[in-house]
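Peer 1: need a structure here:
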Amino acid sequence: MLSLTELLPAVRQLPALDKLRLIRILTEELDSSEDLFPLQPHKIYYLPTPYHSFGAGRALIDAMAENLGA
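Peer 2: Next comes the predicted model:
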């Protein structure tokens, strides 16, 4: 079996269409793999959001102003 470092140079030389085909093949393989733990249907996943994070907007504006040199 080839290692990833051995495989990458050959993959980089492929034409764009073949790279897309490879991506499709690999994603279909991953989709059918039972080793992955996908999200479960009808289960609630709580994600952090900026809502009710008062001051987050001010911090974002300050960071943007700092990066723009204002």
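Peer 1: Report pLDDT for the spatially most central residue of the chain.
Peer 2: Using C-alpha atoms, centre = their mean, the residue of the chain that lies closest to the mean C-alpha position is T27, 13.1 Å off. Reading off the confidence values, T27 has pLDDT 87.
Peer 1: so it is in which element?
Peer 2: helix 16-32 (DSSP states H and E).
Peer 1: Helix or strand next in line after that helix, which one?
Peer 2: Counting by DSSP H and E, the element after helix 16-32 in chain order, helix or strand, is helix 56-68.
Peer 1: Give me the distance between that following helix and the centre of its chain.
Peer 2: 25 Å (C-alpha atoms, centre = their mean, to the nearest Å).
Peer 1: Ok, stretch 12-28 next?
Peer 2: 17 Å.
Peer 1: And the contacts of it?
Peer 2: By C-beta atoms under 8 Å, 6 or more residues apart in numbering, the residues outside stretch 12-28 that reach it are V11. Just so you know, the C-beta spots here come from the backbone N, C-alpha and C atoms, and that holds for glycine as well.
Peer 1: so where's this protein shaky on pLDDT?
Peer 2: The chain contains residues with pLDDT under 70 at 33-38, 70.
Peer 1: Next one: L39 relative to E28, how far apart?
Peer 2: In this structure, L39 and E28 are separated by 18 Å, where distance is defined by C-beta to C-beta, to the nearest Å.
Peer 1: more neighbours, the two?
Peer 2: Neighbour tally, L39 and E28, criterion other C-beta atoms under 10 Å: the higher count belongs to E28, 10 against 6.
Peer 1: What separation is there between the more buried one and L8?
Peer 2: Noted for E28: a distance of 21 Å to L8, by C-beta to C-beta.
Peer 1: again, but for P48
Peer 2: P48 sits at a distance of 35 Å from L8 (criterion: C-beta to C-beta).
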